[in-house]
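Asker: Return atomic coordinates for the entry below.
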Amino acid sequence: MRCTFFVFCLTLSAQVLASDAFVGSDACSSCHTEQHTQWQGSHHDLAMETPTEQSVLGDFNQATFTHRDVTTTFFRKDAAWFIRTAGEDGKLADFPVRYTFGAYPLQQYLLPLSRGRLQAFEIAWDARPAAEGGQRWFHLNPDEVTDHTDPLHWTGPYMNWNTRCAECHSTNVEKRYDASTRSFDTRFSEVDVSCEACHGPGQAHLKLVADGSVSSVAGGGFPVALQQRGDWAFTEGAAIASRLEPLTENTQIDNCGRCHSRRGTLGEYHYGKPLLDTHRLALPETPLYYHDGQIRDEVFVYGSWVQSKMHQAGVVCSNCHEPHSLQLRAPGNGVCAQCHQAAVYDQPEHHHHPEGSSGASCANCHMPETTYMVVDPRRDHSMRIPRPDLSVTMGVPNACNQCHVDKTADWALAAVRDWGVNFTDTGSHPARALQRLHAGQAQAVPDVQALAANGSATPIMRATALAALGQTGGGASPEAQALLESPDPLLRLGAVRGASGLPLPQRYSLLQPLISDDITSVRMAVAENLAAVPLAQVPPAQADALRSLFAEYIAIQSLHADMPGVQLQMGMFLLNRGDLPAAEKAYREALQLNPQLLPARLNLADLLRMLQREDEARAELQAALAIAPDNGAALHALGLLETRSGNRALALEYLRRAAEQEEEGTRHRYVYAIALHDSGDITQAIATLEAVQRQAPGNADILLALTNYTASSGDLERARLWAQQLVASDPGNRNYRALLERLGGPTR
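Answerer: Numbers count the residues shown, from 1 in each chain. Alright, predicted model coming up:
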């Protein structure tokens, strides 16, 4: 049987949290019978279950699966389910199935390890019908996972249920991680995603019911009210319905976004709080998303949904999905026809495909699927128009070619043009600017600034633009700075990140008013940006406010000390605070949790170099190359280290290899060119810089180097041309004008 509320599952070695405030789904069923019935058998109900004859879907009749010379066996013993496979020491052992995890289109199994860990096994059961290729065991990461030393191995940190999965598969989860022993005592109220997972604890509601004083859900003792579907109607002559009362808050989608988003947890969850107050949201940035905002990595729904025109119009999750069964409100195109008149949109004149065909499906054109976990297709919820023109110019996917896989993007573009569709913004689309900026093209800064300032663009894309500008210093524009006072927390967050490239005094002046911002994500970003502020040099009251902020930052991060990435963030924060021993400890803890976390190893090496422990730094960088021999950052760091050590020939070789690996950005190739020049190879240095300049025009550092190097080689005419471009990149820079004048070029 399923573990229910207040039950201590001794046979399963998993404690159920006894919380007075959470009453369990059975307490809801007597009054909310219809909703409870709809919920039963839903993906929320089946998110996690104890193993029974009904819940275990996989073949445990001595079935086997072999991956990289390890044969795993699935079998029954004494009415229990077991998996015999390689454990964390690489040796075969028998592991009992503690819980089933999900049901369709695949089912995973949670296996116990020491220190209270539950791990999601990497070989899953394909629950689809056999006719669709299902009813088989398959590996979730067949190409990536090597052996038990790999962090993606089922025994590794990224397959840990306590850290990675529990919050969204059970109700009222308390992780309870002990950093001193690296152990867990994780507990929950109910094993699955039950009523209170969404509505919050129900004890106060039951008391009001008992007293006969419940007037509405909003005032019924729950911390959050989720009914935001609203009333919709077609105005005269309109083909699309409008919301009669505007949606004024994101309570429902933020509640769903707690799990249906790519995010990290910030402290303890509080029902009814904005998503950014309880979680760190991943913006639509590469490599998680394509530059135009389409999903790429496994980012779930929220980040794409808030890009959509549907969201801007006031549509919420429950307009399309029944919130208890999770099924669509209507089959096929009917769910869209709730607001889009079928007589206009569900017609060949609109979709240009035969009626009833795959191409006539609204979702296939406007919500194309990307398959994750080998068999699990997920739809992009940004509801965008297919743009094969951007596929041609940028390489991003489009819905046309995701169906017509045997055709090219040029073919798709020609097809939509034949329908009379002509895109007028191909060259000026904001995604082009983001792509160019990411490639290191400084000339893209004004266009990205324009996106950040565009009040008609979605806040999440404006925040993404602001964050991108922070990498170049372009977030210092007056428009970007004004968004620090925006009522939208996404824009404030983006503006804070956009300030990251500014000098510390200017950054402090701008961000000081946000030290006490009411949204946790914003405060945490402020803490990271102001970590280097010397407290002794600011007024006492402001220093005290910063101390409180820094203490909050450390307290929140410490709640997630089991996550290698959090330890990496802590290391960077502590380094900026000047606490080098604590930073080193955080980096080493990150590597203890995941020895293959390369950014932590690279940061540790840089810290060791700062401490003049160069032999240790070199060892860390060599260890990084042992993991990833072609890692450009490690090669670059080794090149710099050997340069400082006087090993010029070895340094130049490392820098050359780093430059060859650089596909986006310019730093590694620029430094390699400087090294070539310093070694006496001016011709090759100029050729390298010219190649970078062609890819990323307008970069002042590259233009300055080209000007100086061509001048020193005696090619003054070429030097003047580069100097003119340098002045054009920053017309107000007096030094650039003076350089051009010294070369004999016109300055006006």
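Asker: which ones are touching the residue nearest to the spatial centre of the chain?
Answerer: When Cα atoms, centre = their mean is applied to the chain, the residue found nearest the centroid is Ala282 (3.8 Å). By Cβ atoms under 8 Å, 6 or more residues apart in numbering, Ala282 lies in contact with 261-263, 288, 299, 303. For glycine as for every other residue, the C-beta is placed from the backbone atoms N, C-alpha and C.
Asker: ok, now Arg329?
Answerer: 319-322, 335, 338.
Asker: Now do the phi/psi pair for the residue nearest to the centre of the chain.
Answerer: phi -80, psi 120 (degrees, to the nearest 10).
Asker: ok, and the closest non-adjacent residue to Cys28?
Answerer: Cys195 (4.7 Å; Cβ to Cβ, 6 or more residues apart in numbering).
Asker: Could you do Met383 as well?
Answerer: Here the residue nearest Met383, using Cβ to Cβ, 6+ apart, is Ser308, at 4.1 Å.
Asker: Report the rounded mean pLDDT for the strand or helix carrying Thr370.
Answerer: Following DSSP states H and E, the helix or strand that holds Thr370 is strand 369-372. Strand 369-372 shows a mean pLDDT of 97.
Asker: And for stretch 69-82?
Answerer: 96.
Asker: Measure how far that stretch is from the centre of its chain, please.
Answerer: Relative to its chain's centre, stretch 69-82 lies at 35 Å (Cα atoms, centre = their mean, to the nearest Å).
Asker: Pull up the distance across that stretch, start to finish.
Answerer: Terminal residues of stretch 69-82 lie 20 Å apart, using Cα to Cα, to the nearest Å.
Asker: can you check stretch 625-635 too?
Answerer: Stretch 625-635: ends 8 Å apart by Cα to Cα.
Asker: Now do the buried residues in that stretch.
Answerer: For stretch 625-635, the neighbour count (16 or more other Cβ atoms under 10 Å) marks 625, 631-635 as buried.
Asker: got it, and stretch 308-316?
Answerer: Buried-residue list, stretch 308-316, by 16+ other Cβ under 10 Å: 308, 310-311, 313-316.
Asker: What about those residues, which are in helices?
Answerer: 310-311 (DSSP state H).
Asker: And the buried residues of stretch 308-316, which is closest to Ala495?
Answerer: His311 (20.9 Å; Cβ to Cβ).
Asker: How much space separates the closest one from Val173?
Answerer: 28 Å (Cβ to Cβ, to the nearest Å).
Asker: hmm, back to that, give me the pLDDT value at the residue nearest to Met383.
Answerer: 98.
Asker: these two touch, right, it and Arg379?
Answerer: No. If you go by Cβ atoms under 8 Å, Ser308 and Arg379 don't touch, sitting 11.7 Å apart.
Asker: follow-up on the earlier one: buried only: go through the contacts of Ala282 for me.
Answerer: 261-263, 299, 303.
Asker: longest helix anywhere in the chain?
Answerer: helix 540-558.
Asker: What are the contacting residues of it?
Answerer: 179, 266-267, 512, 515-516, 520, 523-524, 526-528, 530-531, 533, 535-536, 538, 566, 569-570, 573, 577.
Asker: what's the answer for stretch 283-295, then?
Answerer: So stretch 283-295 is contacted by 262, 282, 296-297, 299, 303-304, 307, 370, 378, 380, 382, 384, 387, 390, 394, 396-397, 429, 431-432, 434-435, 438, 460-461, 463-464, 467-468, 494 (Cβ under 8 Å, 6+ apart).
Asker: That one: which residues count as buried?
Answerer: Here stretch 283-295 shows 283-285, 289-295 as buried, counting by 16+ other Cβ under 10 Å.
Asker: now the helices: where do they sit in the stretch 201-350 of the chain?
Answerer: 203-211, 251-257, 275-278, 302-305, 309-312, 317-320, 334-337, 342-345, 348-351 (DSSP state H, counting those that start in this stretch).
Asker: coming back round to it: save the buried residues of stretch 625-635 as JSON lines, and put in pLDDT too.
Answerer: Shown next, in JSON lines, are the buried residues of stretch 625-635 (pLDDT from 0 to 100):
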{"residue": "Leu625", "pLDDT": "97"}
{"residue": "Asn631", "pLDDT": "96"}
{"residue": "Gly632", "pLDDT": "96"}
{"residue": "Ala633", "pLDDT": "96"}
{"residue": "Ala634", "pLDDT": "97"}
{"residue": "Leu635", "pLDDT": "97"}
